[in-house]
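Novice: Provide a 3D model corresponding to the input given below.
(one chain, ligands or ions: 1)
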Amino acid sequence: MKQPLVVLGATGSIGRQTLDVASRLGIDVQGMAARRGSDDLVALAGDWPGARIVAAAPTGEERDRLSGLLGDRVEFGSEALVALASRPGVTVVNGVVGAAGLRASIAALEAGNRLALANKESLVAGGPVVLRALQRGGGSLLPVDSEHSALFQCLVGESTAAVRRLVLTASGGPFRGYSINDLEKVTPAQALAHPTWNMGRRITVDSATLFNKGLEVIEAHYLFDMPYDRIEVVVHPQSIVHSLVEFVDGSLKAHVGEPDMRVPIQYAITYPDRAPGALGAFDFSGLSLTFDPADRRSFPALDLAYEAGRIGRSAPAVLNAADEVAVHAFLDGRLGFLGIPEVVERTLEEVPVVDLVTVDDVVEVDREARAVAHSLLGGSC
Ligand code: MG
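Specialist: Predicted coordinates:
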């Protein structure tokens, strides 16, 4: 019997695919949360009549409507989100973006729950705080990101000391092979057309700049306690090899399969067991796989992430916040594509590095970095 689930970010891409896995495997869903009280959330509440529902930041109108429809099944606010994540004996799948996601991650771990983590910011921005909560609460942390699930699966039964390096694969995004000149003119619409993965808007732009891969390097550092000089990135446009581990004896293990997020989501739920999945037998016919080094000149975001990761402490939180502000400015047409890493680099230079002990520390650094990034954008408009 699998543990019941709590799905945070239920109306998003990860949330929907998690519910798909749960319904296929017959796993009980005890609760689900979304930011807004949208029609989508109302529909999910109908599909899962046993689940408690949380809308973390609804409008007044949404609140009234949900209360009318769902009565005492529904709760509101970020405290209710945290309470849902702290329910005893559940697996919490966290696909919530931003600081609300971080608080929920900490709450789940402190309650001793299994946390299936798809919320990248939790680890990138709050790595030291999350790891302390993991130690204190005795919960477990399982990656949902495809690359990290791949690494995790390659590492099952292995010791960290036997690892020579972790190799994360990157699709290279829609602008693979572009020169800096080409990148100067690219539009939000072009950046949002990702070749292999279907994801949210920020992460899709982050894939185009390679920031996403940089954030994943930092995530891997915290998840697997691996120094940055033993984490590498290789461009693999087919997205069939999801990542690799090289061991000290020269052996390599790779995780291979169709790019489908339901696979890593399901593994995070069923680990250490496996259950029949949504995908059929893998088709090898006509398959050819290529691997190339990342172009660090056209995509400076990758080195910026390594730099922030090596500085550690609050620097990755600054990187994450500045990038989010810059990506929104790009999507709004207020910043060019090459301006994204520039804004991040300058924000990293300006915001002092501090220790992160509590979630409030992370929230404060995040706020400061956003303010600096906004002021840099104001100055350049
Ligand atoms: Mg990924």
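Novice: and the longest helix seen in the chain, what other elements does it pack with?
Specialist: Ranked by residue count under DSSP state H, the longest helix found in the chain is helix 359-380. In terms of contacts (3 or more CB pairs under 8 Å, 6 or more residues apart in numbering; DSSP states H and E), helix 359-380 is packed against helix 99-110, helix 120-137, helix 315-331, helix 339-350. (Each C-beta comes from the backbone N, C-alpha and C, glycine too.)
Novice: In PDB, please show the C-alpha coordinates belonging to the first one.
Specialist: What that stands for is helix 99-110. Below are the C-alpha coordinates for helix 99-110, written out as PDB (Å, rounded to 0.1, in the frame of the first residue of the first chain):
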ATOM      1  CA  ALA A  99       8.400  31.100  -1.200                       C
ATOM      2  CA  ALA A 100       5.000  29.500  -0.400                       C
ATOM      3  CA  GLY A 101       6.500  26.300  -1.800                       C
ATOM      4  CA  LEU A 102       9.500  26.600   0.400                       C
ATOM      5  CA  ARG A 103       7.400  26.900   3.600                       C
ATOM      6  CA  ALA A 104       5.400  23.800   2.600                       C
ATOM      7  CA  SER A 105       8.600  21.900   1.900                       C
ATOM      8  CA  ILE A 106      10.000  22.700   5.300                       C
ATOM      9  CA  ALA A 107       6.700  21.800   7.000                       C
ATOM     10  CA  ALA A 108       6.500  18.400   5.200                       C
ATOM     11  CA  LEU A 109      10.100  17.500   6.200                       C
ATOM     12  CA  GLU A 110       9.700  18.700   9.800                       C
END
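Novice: is the ion contacted by the following helix or strand past that helix?
Specialist: Later in the chain than helix 99-110, the nearest helix or strand by DSSP states H and E is strand 114-117. No - under the criterion of CB under 5 Å from the ion, the ion is not reached by strand 114-117; the shortest gap measures 12.0 Å.
Novice: which other helices and strands contact strand 114-117?
Specialist: Counting by 3+ CB pairs under 8 Å, 6+ apart, strand 114-117 packs on strand 91-94, helix 99-110, strand 140-143, helix 262-270.
Novice: Now do the third one: distance to the chain's middle.
Specialist: Relative to its chain's centre, strand 140-143 lies at 12 Å (CA atoms, centre = their mean, to the nearest Å).
Novice: Is the ion within reach of that strand?
Specialist: No - Strand 140-143 lies apart from the ion when judged by CB under 5 Å from the ion; the minimum separation is 9.4 Å.
Novice: so what strands line up beside that strand?
Specialist: strand 114-117 (parallel) (DSSP bridges).
Novice: Residue 148 contacts residue 219, doesn't it?
Specialist: Yes - assessed by CB atoms under 8 Å, residue 148 is found in contact with residue 219 at 6.1 Å.
Novice: show me the contacts for the spatially most central residue of the chain.
Specialist: The residue lying closest to the centre of the chain (CA atoms, centre = their mean) is residue 120, at 2.9 Å. Shown in contact with residue 120 (CB atoms under 8 Å, 6 or more residues apart in numbering): 145, 203, 215-216, 219, 320.
Novice: Report the separation between residue 216 and residue 203.
Specialist: 10 Å (CB to CB, to the nearest Å).
Novice: Same check on residue 91?
Specialist: Distance from residue 91 to residue 203, by CB to CB: 23 Å.
Novice: Give me the pLDDT value at residue 191.
Specialist: We have a pLDDT of 92 for residue 191.
Novice: Of the helices and strands packed on strand 114-117, flag the one that's most buried.
Specialist: strand 91-94 (a mean of 28; mean count of other CB atoms under 10 Å).
Novice: what's near enough to touch residue 54?
Specialist: 31-34, 74-76, 80-81, 84.
Novice: Now rank these by neighbours and give me the top one.
Specialist: residue 33 (31 neighbours; other CB atoms under 10 Å).
Novice: which residues does that one contact?
Specialist: 6-10, 53-56, 80-81, 84, 96, 104.
Novice: So among the residues you listed, where is pLDDT lowest?
Specialist: residue 96 (88).
Novice: To what extent is the residue nearest to that one when sequence neighbours are not counted buried, counted in neighbours?
Specialist: Take residue 96 and drop its neighbours on the chain: the residue closest to it by CB to CB, 6 or more residues apart in numbering is residue 9, 4.2 Å away. Neighbour count of residue 9, defined by other CB under 10 Å: 27.
Novice: same thing with residue 259?
Specialist: Residue 259: 14 neighbours (other CB under 10 Å).
Novice: picking up where we left off before, please list all residues in contact with the residue nearest to residue 96.
Specialist: By CB under 8 Å, 6+ apart, the residues touching residue 9 are 15, 33-35, 94-97, 101, 118-119.
Novice: Tell me the predicted confidence for residue 33.
Specialist: pLDDT, read off for residue 33, is 98.
Novice: how much space between the closest residue in space to it that isn't next to it in sequence and residue 352?
Specialist: In space, residue 33 comes closest to residue 54 once its chain neighbours are excluded; the distance is 3.8 Å by CB to CB, 6+ apart. According to CB to CB, residue 54 and residue 352 sit 36 Å apart.
Novice: as a whole number, average confidence for stretch 322-340?
Specialist: Here the average pLDDT along stretch 322-340 is 96.
Novice: and that stretch, which residues are buried?
Specialist: 322-331, 335-340 (16 or more other CB atoms under 10 Å).
Novice: ok so, going back, if we check the ion, which of the contacts of residue 9 are in contact?
Specialist: Within the contacts of residue 9, nothing lies near the ion by CB under 5 Å from the ion.
Novice: which one among those gets closest to residue 234?
Specialist: residue 118 (22.8 Å; CB to CB).
Novice: is it fair to say residue 172 lies in a strand?
Specialist: No - checked against DSSP: H, G, I helix; E, B strand; the rest coil, residue 172 lies outside a strand; its state is coil.
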